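In: Predicted coordinates and the sequence they were generated for:
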Amino acid sequence: IFIGGSPTTAMPPPHKDEQFLLLYGSQTGQAHAIAEDLHHDSVVEELKGKLMCLDQLKEDSLVKEKIVIIVCSTTGDGDPPDNAAKFIRGLRKKSLAKDFLKNLQFTVLGLGNTNYANFNTTAKYIDSRLLELGATHFFEPAWADDAVGLDLVVEPWREGLWPRLKEVLLGLPPAVPVLQIPVLGVDGAPDIASLTVPPLPEPLITCVVAQPGKPLPSVKDVPAKVNCQLGRLTGFRCLTANDAVRRTLQVELDISGTNLAFEAGDAICISCPNTPEEVDEILELLGCIDIADTPMVIKSLAGSKRSVPDHLLHTTTLRGALTLYCDIRALPEKKWLRLMAEYATSEEEKQRLLYLSSRQGNEAFTSEVRQNCLNLTDLLRLNPSVKMPFARVLEIVPPLLPRFYSICTSPLAMPTRVQIAHNIIPNGLPETALKELPGLCTNWMDFLCSRIRLANNVVEQRNVWVRVPPHQPEAISTNLGAMSLSMPARPQSPRARAHAWVVGPAPAKVEAPKPVRSTPKAANVGLTVESLLVPSGSPSSLAAPTVGGLSVGAPPSPRFERRPNGTPNGNPQSSLAPSTPAPPPAATPTVTPRQPHPPDPYNILIPVQRRAVNIFRVPSEPTVPVIMVGPGTGVSPFVGFLQHRRAMRAALPAVKFGEMWLFFGNRSRDKDFLFENEFNEYIKDGTLTRLLTAFSRDVDSKARYVQDCMKLYGPELARLMKDQRGVFFMCGNATQMAVSVDNSWLEILQDTGMTAEEAFALKQKWYETKRYYKDVWG
């Protein structure tokens, strides 16, 4: 893929003194972060650029622009990010003339993942649609792949962008030579001086830690952008047999104390903390463990044009930042390695980090870092001489995002509670990795459920609910408990990293200077996770309130473990920026004991929010047939669909409802047939028309997988979709199941006499007319 203008291409007239527009569409924050980096680059290059979100662009504004750069990701099954949906709808208007954007020159950087069927669909649609409307490329678009590493495409594209943009804006001669993407590694490491490395990330923030007798700087209270509230764990049950390959839990949350409203088919977002073991290890490796729980504030550096990242606005301690807000398990970007090299005191480590961050080290970066799924902890452990300032760590690590789970309930049946089903993931990493790492959120919720089980003194049984005794509703907002987080024992296995959320008595309260806030926080609406954990108006108070049995206030002193050489596994030297030195040991804040409260194992609160965009909905027209495909926990939304349809049938007995077909698959009928009893009841009362199953490990199963089962009933499925205008829903794994189900539909349609082209066109038409829905994940 070549980047840059062709020598034979006619040069457009320069747009001197004009600014360009930099637009982004981002779901998880990656596209936004890259767009911000590009905007910073433009300042360095002395170019005038304006940064804004795609949905902030007014409908008639694009036609007035001359130069536009668009960075956009693709989410779900080819869907646009939430903050780009309105822009996409505007582009789809058929009334737009073919020369509507004839004066526009643009380029697009797409962020996608080839593990999904629709790779970079949104960015490619924007690119093709702008061309249809008369716009032209001033720089070739690029499609980055997160499956192998975005940097492999982003960095070369980014380097080639600025010379070309200067040609267009300033009329400079073409840059030579033309860039090529990607440039892979060479045999043997080249001389360090010859490496092409990313630019050193500019410092943006500083962490100001409390010191005796000195008040912390005032903090402007910024309203949270996410409506995160507290649901109370009210019960759970195990849906699989004890000897099943994978254990599946169904968990129930009481949301009566929130203003959240869910519909059948919605997804709930759960915010979970990082494990104490991983957080403590990073703090030790950085030399910050001694001040991990000292109150602090995060401020922008003087002269910086960037503000404090949104996810760090409400953090109050170093431990809290890593526990609640930073995705410390994220796969590293090359800029991480470039920054770490700057702080490496070992020349060998410095050279290795620079090589891995360079263009010449692309192949080594992919094989050694990406394929092994190294994270921040691994990089710090492998490069012990690196002692980065804590603020610099916070600048590069992305935010810890909530996890999405389809609800398996309908408000018509359960108006104040939602239920989800999820597998307990023993290892969330691919086989290529040299380690194992248990799933974060699923194992956290399993730990919380174990508290209920132990408090009730019951043995877990398949399909038997373990319930929490009735609790006063006001406890959700007032009784934030007195449990604490402490460091668990070190892992025994060299491959598996142990983790636990250890419950113990509340720690002592540390009296420290309190920062001044301009306004108190709002109550229970629109709060971030830590603002729910910290008493209102007192970000420095370490009274250890609880969410999910965890406190990030002031855990007990860390237990140092002696290594074979007899030295502790922590470095007492602080790696904070020189401008914010750690207080000397003799002047640490005083500790005043606090009367511990007995832990309340029944008041377990979980931060939840509603996914902004939900595409799964039971058809509003009751006569429309519904076909559902949901192997494993992908069946969850369809349990809610069936609850909803049963309630509708009871409310409208005179209406003839359309057929409902469900295809379910798993490994074994005897061990992991999820919701079997419920489905049989739905068959008996007529809510569910057909229940078709496939069990891959059972030799007597008619079909191994749901896609095979579909083909056994091809003519009937074609009748429901083609003749009766049914609606199709699929939920589950994107990398294998979703592609296979799509291909099964093509085979089914071709068996009715259609050509391959006609079958593909019809399936695409179903998708465009909202009759073919997919909710899939990697």
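Out: Cool, got the structure. Numbering: from 1, shown residues only.
In: Strands along the stretch 601-750 of the chain, start to end?
Out: According to DSSP state E, counting those that start in this stretch, the stretch 601-750 of the chain carries its strands in the segments 605-610, 626-629, 660-666, 690-695, 727-733.
In: I'd assumed residue 268 was in a helix, is it?
Out: No - according to DSSP: H, G, I helix; E, B strand; the rest coil, the state of residue 268 is strand, so it is not within a helix.
In: what about it, how many neighbours?
Out: Neighbourhood size, residue 268 [other Cβ atoms under 10 Å]: 23. For the C-beta atoms, the positions are set from N, CA and C on the backbone; glycine is no exception.
In: what secondary structure does the residue nearest in space to the middle of the chain sit in?
Out: The chain has residue 401 as the residue nearest its centroid, 4.3 Å off, counting by Cα atoms, centre = their mean. What three-state DSSP gives for residue 401 is coil.
In: sec struct for the closest residue in space to it that isn't next to it in sequence, please.
Out: Take residue 401 and drop its neighbours on the chain: the residue closest to it by Cβ to Cβ, 6 or more residues apart in numbering is residue 28, 5.9 Å away. Applying three-state DSSP to residue 28 yields a three-state assignment of coil.
In: Near residue 28, how many other residues are there?
Out: For residue 28, the neighbour count with other Cβ under 10 Å is 16.
In: Point out where this protein drops to low pLDDT.
Out: Residues of the chain meeting the criterion pLDDT under 70: 1-18, 59, 76-77, 117, 171-192, 217-227, 430-434, 470-601, 778.
In: Centre of it to the edge, which residue is at the far end?
Out: Distance from the C-alpha centroid of the chain, by Cα atoms, centre = their mean, peaks at residue 654 (44.9 Å).
In: list the contacts for that residue?
Out: Going by Cβ atoms under 8 Å, 6 or more residues apart in numbering, residue 654 touches no other residue.
In: Kindly report the same for residue 450.
Out: Not one residue lies near residue 450 by Cβ under 8 Å, 6+ apart.
In: One more: residue 717?
Out: Listed by Cβ under 8 Å, 6+ apart, the contact set of residue 717 reads 627, 661, 710, 748.
In: Now for the residues you listed: which two are most distant?
Out: 661 and 748 (13.2 Å; Cβ to Cβ).
In: Keeping just the C-alphas, turn the top helix by length along the chain into CSV.
Out: Assignment by DSSP state H gives helix 151-170 as the longest helix of the chain. The C-alpha coordinates for helix 151-170 follow below in CSV (Å, rounded to 0.1, in the frame of the first residue of the first chain):
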residue,chain,number,x,y,z
ASP,A,151,0.6,0.9,15.0
LEU,A,152,1.7,-1.2,12.0
VAL,A,153,-0.5,1.0,9.8
VAL,A,154,-1.1,4.1,11.9
GLU,A,155,2.5,5.2,12.4
PRO,A,156,3.6,5.1,8.8
TRP,A,157,0.4,6.7,7.7
ARG,A,158,0.8,9.4,10.3
GLU,A,159,4.4,10.1,9.2
GLY,A,160,3.4,10.4,5.5
LEU,A,161,0.3,12.6,6.3
TRP,A,162,2.1,15.8,7.3
PRO,A,163,4.4,16.3,4.2
ARG,A,164,1.4,15.7,2.0
LEU,A,165,-0.9,18.1,4.0
LYS,A,166,1.8,20.8,3.7
GLU,A,167,1.8,20.3,-0.1
VAL,A,168,-1.9,20.9,-0.2
LEU,A,169,-2.1,23.7,2.4
LEU,A,170,1.1,25.5,1.7
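In: Mind putting the contacts of residue 717 into a markdown table with neighbour count?
Out: Shown next, in a markdown table, are these (neighbours: other Cβ atoms under 10 Å):
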| residue | neighbour count |
| --- | --- |
| 627 | 23 |
| 661 | 21 |
| 710 | 23 |
| 748 | 21 |
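In: CSV please, covering these and showing distance to residue 248.
Out: CSV is the format used below for the contacts of residue 717 (distance: Cβ to Cβ, whole Å):
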residue, distance to residue 248
627, 24
661, 23
710, 23
748, 30
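In: As CSV, the strands of the stretch 601-750 of the chain with distance to residue 285 would be great.
Out: As requested, the strands of the stretch 601-750 of the chain are exported to CSV (distance: least, Cβ to Cβ, whole Å):
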stretch, distance to residue 285
strand 605-610, 28
strand 626-629, 46
strand 660-666, 41
strand 690-695, 46
strand 727-733, 35
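In: Quick one: closest of these to residue 462.
Out: Closest to residue 462 of the strands of the stretch 601-750 of the chain, according to Cβ to Cβ: strand 660-666, at 13.9 Å.
In: now what about the closest one, what contacts it?
Out: 625-632, 635, 638, 641-642, 645, 672-674, 679, 687-696, 703, 705-706, 709-710, 717, 720.
In: Now that we have these, which of them are buried?
Out: 625-632, 635, 638, 641-642, 645, 672-674, 679, 687-689, 692-695, 703, 705-706, 709-710, 717, 720 (16 or more other Cβ atoms under 10 Å).
In: so of the residues you listed, which ones are in helices?
Out: 638, 641, 642, 645, 672, 679, 706, 709, 710, 717.
In: which among these gets closest to residue 361?
Out: Closest approach to residue 361 among those (Cβ to Cβ): residue 706, at 42.4 Å.
In: distance of the closest one from residue 38?
Out: 43 Å (Cβ to Cβ, to the nearest Å).
In: Tell me if I'm right that the residue nearest to the centre of the chain and residue 26 touch.
Out: No - Residue 401 is beyond contact range of residue 26, at 11.7 Å (criterion: Cβ atoms under 8 Å).
In: burial measure for residue 753, as a count.
Out: When neighbours are defined as other Cβ under 10 Å, residue 753 has 8 of them.
In: residue ranges of the strands in the stretch 201-350 of the chain, please?
Out: Using DSSP E, counting those that start in this stretch, strands in the stretch 201-350 of the chain cover 205-209, 229-238, 248-254, 267-270, 296-300.
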